[in-house]
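Undergrad: just the structure for this:
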Amino acid sequence: MAHRQNTERVGLVSGLDVSGYGIARSLGRAGVGAHALCSPKNQYGRFSRFCDGWFTYPPAPEDHLEQVCDLLLEVRGQFNSPPVLFATSDWFTRVLCSSQDRLTGHYLYHWLPRPLLETIVNKARLAEWCLHADITIPHTHITQPGEDLLAAALEFPYPCLVKPTLRTNPFFRETKNFLATSPTALMDLYARHPELVGTTIWQHYIPGGDENIFQCTALVRCNGEIGGLVTVRKLTQFPANGMMCFGRTEDHPVLEQAACRLLERLDYRGLASIEFKYSPLDGRFYFIEINARLPWYSSLFAHAGVNLPALAFDDLAGEPAPSPLPLPREGVYWMCVENTAKAVLSTEDRLARPWLRFLADVCVTQSFAWWDWRDPLPFLASAVHLLWRAVKKLNPFLHPATLPVSALTPATAPSAPSDSREVLSKPVHRQD
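TA: Model prediction:
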């Protein structure tokens with residue numbers, strides 16, 4: 001039987017990929033109906049029983065922020081009461097921050113003041129805040145126009161990560177950072193891309209594998225109190241230095257105190273994910289970054305006993321905090337099977353051992369990106385799409401065709417219109 005939304009309790013999620021689908025599942029556990037804004041491609045959460053409908057983004061929404069705001073205003077008329085917004089990407093967070101004067105009153109959200117979001121996305125400025133909050137950061141250098149780069153490069157410790165000062169830097173759209181192993185490699189980067197001078201920072205690369213990376217995800221309620229916190233240890237990332245595809249919950253009071261200290265210093269409100277990396281050389285945790293949203297593996301929190309999306313919804317809806325606050329269970333695993341398998345394929349070890357370990361990891365995992373026995377259609381859609389891609393790759397003579405997963409699309413899904421605004425006010429609903 002299809003999930004029925006409560007029209008007085010509605011969440012609107014930006015996207016129905018792994019993160020957005022995880023939020024929709026988590027809201028469904030709490031009896032909250034979920035709608036979404038999405039582009040249909042690879043958004044398998046559209047088939048979820050917890051998704052009551054979706055609205056189509058304009059083409060390349062991350063480059064047309066004003067159109068996305070217009071879409072949000074049109075979508076608002078579909079609901080009886082203001083929906084609660086959930087961001088799953090940095091660009092959507094920017095939309096909400098820059099358009100909050102237009103959106104406030106139409107939606108419920110932990111609105112971030114513009115200077116605060118600018119601090120969060122500006123790595124140079126954020127490094128200064130960490131120092132004031134007594135949080136350890138890697139050795140950092142902020143490039144300046146006209147400075148003697150060679151002298152600075154010769155004094156800097158290596159390996160060195162080059163990162164954009166602002167996340168909107170177009171050079172880093174395809175990759176999060178650049179790893180330089182020597183002054184020569186570093187200077188070669190700036191010789192090829194002189195526009196990066198003054199728009200990038202250098203940070204000493206903290207040694208250690210994926211298992212040394214930790215994320216504290218917290219909800220700061222409207223009154224400034226912590227409304228829930230979960231610490232996750234990354235075990236595998238794919239691509240390298242990218243998103244977690246396998247990890248588990250762990251209890252780390254030192255990290256959690258540091259995260260809360262930084263959030264208090266920033267006077268932050270809402271959901272935030274703060275990343276640290278442990279250095280085996282000195283036994284210290286180093287601050288890496290903060291994201292003003294839930295991470296990719298958002299479905300893990302409800303499985304661990306701290307349903308952060310539902311807690312954020314209740315806070316914005318004016319509900320009191322649960323007493324006592326829920327505490328996360330340790331050792332709850334989350335996995336994106338496809339990316340974890342890709343990580344195994346990328347290893348140099350071609351023997352059976354990595355695959356045996358992979359199967360063992362699957363067996364201990366309680367929360368998956370797409371699989372949920374109560375809601376199988378998103379998993380089936382992702383599996384069909386993955387199988388079709390594999391067939392096309394193995395058979396070079398196969399003529400490109402419409403993916404068979406399209407047969408699963410609800411009958412009321414819109415065809416691509418010549419003008420995307422024609423369907424902005426028409427939600428697409430699942431069929432019972």
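
Undergrad: where does the chain dip in pLDDT?
TA: 1-8, 167, 174, 241, 349-351, 395-432 (pLDDT under 70).

Undergrad: now the terminal residues of stretch 244-262, how far apart.
TA: Using Cα to Cα, to the nearest Å, the end-to-end distance of stretch 244-262 comes out at 23 Å.

Undergrad: quick one, what contacts the nearest residue to Y297 once chain neighbours are set aside?
TA: Computed as Cβ to Cβ, 6 or more residues apart in numbering, the closest residue to Y297 that is not its neighbour in sequence is W334, at 4.7 Å. For the C-beta atoms, the positions are set from N, CA and C on the backbone; glycine is no exception. Residues in contact with W334 (Cβ atoms under 8 Å, 6 or more residues apart in numbering) are 232, 244, 246-248, 297, 299-300, 303, 365-369.

Undergrad: in strands only, show me those residues.
TA: 232, 244, 246-248, 367-368 (DSSP state E).

Undergrad: neighbours of the nearest residue to L325 once chain neighbours are set aside, how many?
TA: Among residues not flanking L325 along the chain, G228 sits closest, at 6.3 Å (Cβ to Cβ, 6+ apart). G228 has 25 neighbours, counted by other Cβ atoms under 10 Å.

Undergrad: what distance do you get for G228 to N177?
TA: Separation of G228 from N177 (Cβ to Cβ, to the nearest Å): 30 Å.

Undergrad: please verify my assumption that A127 contacts T140.
TA: Yes. Using Cβ atoms under 8 Å, A127 makes contact with T140 at a distance of 5.3 Å.

Undergrad: okay, and the common contacts of the two?
TA: I201.

Undergrad: the residue nearest to Y297: what secondary structure?
TA: Three-state call for W334 (DSSP: H, G, I helix; E, B strand; the rest coil): strand.

Undergrad: beta-bridge partners for it, please?
TA: Taking DSSP bridges as the rule, W334 bridges to G247, S367.

Undergrad: just the buried positions in stretch 139-149, please.
TA: Neighbour-count burial for stretch 139-149 flags 140-143, 149 (criterion: 16 or more other Cβ atoms under 10 Å).

Undergrad: off-centre distance for stretch 113-125?
TA: For stretch 113-125, the gap between its own C-alpha mean and the chain's C-alpha mean amounts to 18 Å (Cα atoms, centre = their mean, to the nearest Å).

Undergrad: actually stretch 81-94, sorry about that
TA: Stretch 81-94 has its C-alpha centroid displaced from the chain centroid by 12 Å (Cα atoms, centre = their mean).

Undergrad: what residues of that stretch count as buried?
TA: 82-90, 92-94.

Undergrad: filter those down to just the ones in strands.
TA: 84-86.

Undergrad: name the residues of stretch 325-340 that are buried.
TA: Result for stretch 325-340 [16+ other Cβ under 10 Å]: buried residues 326, 328, 332-340.

Undergrad: then stretch 185-203?
TA: Of the residues in stretch 185-203, those buried (16+ other Cβ under 10 Å) are 185-186, 189-190, 196, 199-203.

Undergrad: columns distance to D63 and secondary structure on top of those residues, output as JSON lines?
TA: Supplementary listing: the buried residues of stretch 185-203 in JSON lines, determined by distance: Cβ to Cβ, whole Å; DSSP: H, G, I helix; E, B strand; the rest coil:
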{"residue": "A185", "distance to D63": "32", "secondary structure": "helix"}
{"residue": "L186", "distance to D63": "31", "secondary structure": "helix"}
{"residue": "L189", "distance to D63": "26", "secondary structure": "helix"}
{"residue": "Y190", "distance to D63": "27", "secondary structure": "helix"}
{"residue": "L196", "distance to D63": "21", "secondary structure": "helix"}
{"residue": "T199", "distance to D63": "19", "secondary structure": "coil"}
{"residue": "T200", "distance to D63": "22", "secondary structure": "strand"}
{"residue": "I201", "distance to D63": "25", "secondary structure": "strand"}
{"residue": "W202", "distance to D63": "29", "secondary structure": "strand"}
{"residue": "Q203", "distance to D63": "28", "secondary structure": "strand"}
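
Undergrad: and which of the residues you listed is nearest P61?
TA: Distance ranking of those against P61, using Cβ to Cβ, places T199 first at 24.4 Å.

Undergrad: now the helices for the stretch 1-150 of the chain?
TA: 18-29, 65-76, 90-98, 100-103, 114-121, 123-132, 149-155 (DSSP state H, counting those that start in this stretch).

Undergrad: looks to me like the residue nearest to L325 is in a strand.
TA: Yes. Counting by three-state DSSP, G228 is found in a strand.

Undergrad: my guess is it contacts A218. True?
TA: Yes. With contact defined as Cβ under 8 Å, G228 counts as touching A218 (6.9 Å).

Undergrad: scan the chain for its longest helix.
TA: helix 377-394 (DSSP state H).

Undergrad: quick revisit: just checking, which of the buried residues of stretch 139-149 belong to strands?
TA: 140-142.

Undergrad: and which of those is nearest to K393?
TA: For those, the residue nearest K393 by Cβ to Cβ is T140; the value is 41.8 Å.

Undergrad: what sits against the closest one?
TA: 124, 127, 201-204.

Undergrad: need those residues in JSON lines with distance to I274, can you?
TA: Compiled in JSON lines, the contacts of T140 are given as follows (distance: Cβ to Cβ, whole Å):
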{"residue": "A124", "distance to I274": "17"}
{"residue": "A127", "distance to I274": "14"}
{"residue": "I201", "distance to I274": "18"}
{"residue": "W202", "distance to I274": "21"}
{"residue": "Q203", "distance to I274": "16"}
{"residue": "H204", "distance to I274": "19"}
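
Undergrad: about what we covered before: and of the buried residues of stretch 185-203, the nearest to R29?
TA: The closest of these, once distances to R29 are taken by Cβ to Cβ, is Q203, at 38.3 Å.

Undergrad: looking at strand pairing, list the partners for the residue nearest to L325.
TA: L219.

Undergrad: against G305, how distant is it?
TA: 10 Å.

Undergrad: and L161, how far from A259?
TA: 21 Å.
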